[in-house]
Every structure is written in structure tokens, then in C-alpha cells.
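*Asks:* only geometry, no sequence info:
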């Protein structure tokens, strides 16, 4: 935690940092869901004691066993009142996409407590989950890495077309470490397919892109790097980044994005939305104590 404070929060003058602990992701895909939920609770208590207590700038997306909705709701109820708890972590490797009604109890609890279901990759291909790509098992990490957009696309389509945001109109969902390069074409394709097939999902009452702009937030890491910096601005415009995009560093991974060296040529008001305002609104960062910087 001291390295995080010194090398990231202090060095970059960061007011708030969201913790999404990697070490417990696998708890959501083990066959023994009771053990998975118990491990998540222990991890949450450890994080509160050894991380959140060290710096008031830290915020936390608590771990839950997503395949145990009853246990997940119990853990949300236990910790939702903590002033630094702002989200609920849902690892993207899952037997069912997150719009499935199986997860509705988790969404209900998140909406009631103003917490954000926060999707993060990390369990694709593990334990009770199938292969990490639609074509089967890759041989190298780079292949799995390049297949990640497909995982997020499946969850996003599920949330839209299962009617999650019609059922839970106050819910907002965050997609972390998914990048944005894949997003424009997928948004356009969802709108086009909905127009052609909306009779199959009559509960979806608006264009998919309208639901996304209102209810879904993406973080920037890993930021796509097209040949021209101007093309980044075009992508930002296509995804309505002033509403949908939040900066994410992914610190301390080898490929983290340094906030001091990214979006330097982006227009100032949009930078403020990406670096501050969108996340503050999404995660209700006014909740709890004032940061100590």
C-alpha cells in the first residue's frame, strides 16, 4: 500500500483511487460457492483493515462470489454502509453473462445501496468457466489478451437485451480494463441489430446506445494507439466519452497508463470529464470522508 501511495497517488496528485483486488477473482468460478463467498468476505475485511484505513483517498469495489447471489447480497448488505465502498466487483469470466436474471439479486442490492457493479477481466477459462475465446483454447497470453473485447461485448449485449436497465433504472455499471478500441463498431452493430430484431426483445424500449450512454461507463486502459493522435479524438467522439469514459491506470501492472502522460492533446473540458467528473458521478465519490489531499 505504501508503494501505491508514494508512486501513484502522491506522485500523480490523485484525489481518489479505486481498488479492484486481483487475488480473489477466482472465488467467483470455483464449484464450492460457500467457500468462494467466505474467501471474498475475508479478502474484503483484509482490504478494509490494511488498505482503506491507510489512506482516505482509496475507494473499494468489494469482492463477492457472483455465482452465489444469496451470499453476494449478504456481503453487500454487510459492507455497503462503509464510506469507502463504492462498487461490487464482478470478474468477467462467468458461466452466464451478467444480464442474466440469475444475477438480478446482486443488481437489486447494488441499486438499493447506490453501488456500481464493476466488471473486470481475470477469470476467463478458469474452473467452472469455458474456454477464454469463442474459438477454444489459445496457446499464448497475447491471444487471450486480444480476445478480451469479445468477453466484454457478451456482457454488454446481455445487460442491454435482457432488459437490465429497464428493470433497474438507477443502476450504473462500470467496465474496467476493457479499452475502447472495440466499442464504436459494437455500439453501431447493437443499434442495427436491435432495429432488425427488436420484436424478439420488446422490453428493450430504446436504442442500445441510449442505454449505454445513460447506464454504462468504460475506463480507458489499455488505451488504443492508432497511427495518428487525431484518430483517438475521433474514437472519443464516437463513444460520447464526455459521458461514458473514465480514466483507469491499471497501476502497478507492466502496461499501466501513467495519468501524467496520457490524453495530453485532448481538449481540456473533455479531459476533466475523463479524469474526474465521470468517475465522481458514477461512483458517488462524494460519499464518505474528504480525501486527505
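*Replies:* Cool, got the structure. As the structure is a computational prediction, the values presented were derived from the model and not from experiment.

*Asks:* what about the chain, which residue is the most distant from its middle?
*Replies:* Distance from the centre of the chain peaks at residue 199, with 29.9 Å (Cα atoms, centre = their mean).

*Asks:* need the contact list for that one.
*Replies:* Counting by Cβ atoms under 8 Å, 6 or more residues apart in numbering, residue 199 makes contact with nothing. Where C-beta positions appear, they are placed from N, C-alpha and C, glycine not excepted.

*Asks:* using the three-state scheme, assign it.
*Replies:* Secondary structure, DSSP: H, G, I helix; E, B strand; the rest coil: residue 199 is helix.

*Asks:* against residue 159, how distant is it?
*Replies:* For residue 199, the distance to residue 159 equals 20 Å [Cβ to Cβ, to the nearest Å].

*Asks:* if we can go back for a sec, report pLDDT for the residue farthest from the centre of the chain.
*Replies:* Looking at residue 199, its pLDDT stands at 96.

*Asks:* go through this protein and flag its longest helix.
*Replies:* Ordering each helix of the chain by length in residues (DSSP state H) puts helix 33-50 first.

*Asks:* now do that one: distance to the chain's middle.
*Replies:* Here helix 33-50 is found 19 Å from its chain centre; the criterion is Cα atoms, centre = their mean, to the nearest Å.

*Asks:* that helix - contacts with which helices or strands?
*Replies:* When contacts are defined as 3 or more Cβ pairs under 8 Å, 6 or more residues apart in numbering; DSSP states H and E, helix 33-50 packs onto strand 58-63, helix 69-79.

*Asks:* name the stretch among the ones you listed that sits most buried.
*Replies:* Most buried of the helices and strands packed on helix 33-50 by mean neighbour count (mean count of other Cβ atoms under 10 Å) is strand 58-63; its value is a mean of 25.

*Asks:* who does it pair up with?
*Replies:* Sheet pairing of strand 58-63 (DSSP bridges) gives strand 17-19 (parallel), strand 85-91 (parallel).

*Asks:* for the shortest one, which positions count as buried?
*Replies:* Going back to what we said before, that points to strand 17-19. For strand 17-19, burial by neighbour count (16 or more other Cβ atoms under 10 Å) applies to 17, 18, 19.

*Asks:* state the mean pLDDT of it.
*Replies:* Average pLDDT, strand 17-19: 95.

*Asks:* quick one: contacts of that strand?
*Replies:* So strand 17-19 is contacted by 4, 8-9, 47, 51-52, 57-61, 86-87, 118, 279, 283 (Cβ under 8 Å, 6+ apart).

*Asks:* cool, stretch 67-78 as well?
*Replies:* 28-29, 33-34, 36-37, 40-41, 44, 62-66, 88, 94-95, 102-106, 108-110, 113, 115, 128.

*Asks:* of those, grab the buried ones for PyMOL.
*Replies:* To isolate the buried subset of those in PyMOL, counting by 16+ other Cβ under 10 Å, use the following:
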select buried, resi 28+29+33+36+37+40+41+44+62+63+64+65+66+88+94+103+106+108+109+110+115
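
*Asks:* and the spatially closest residue to residue 95 that is not a sequence neighbour, how far from residue 77?
*Replies:* Closest residue to residue 95 apart from its sequence neighbours, by Cβ to Cβ, 6 or more residues apart in numbering: residue 128 at 5.8 Å. Distance, residue 128 to residue 77, using Cβ to Cβ: 25 Å.

*Asks:* strands of the stretch 51-200 of the chain, residue ranges please.
*Replies:* Using DSSP state E, counting those that start in this stretch, the strands of the stretch 51-200 of the chain run over 58-63, 85-91, 116-120, 173-176.

*Asks:* just send these back as CSV, with distance to residue 166 and mean pLDDT too.
*Replies:* Converted to CSV, those look like this (distance: least, Cβ to Cβ, whole Å; pLDDT from 0 to 100):
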stretch, distance to residue 166, mean pLDDT
strand 58-63, 24, 97
strand 85-91, 20, 97
strand 116-120, 16, 97
strand 173-176, 14, 97
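
*Asks:* ok, the nearest residue to residue 186 once chain neighbours are set aside - how many residues close by?
*Replies:* Nearest residue to residue 186, sequence neighbours excluded (Cβ to Cβ, 6+ apart): residue 153, at 5.5 Å. For residue 153, the count of nearby residues is 17 (other Cβ atoms under 10 Å).

*Asks:* pLDDT score assigned to residue 153?
*Replies:* For residue 153, the predicted pLDDT is 97.
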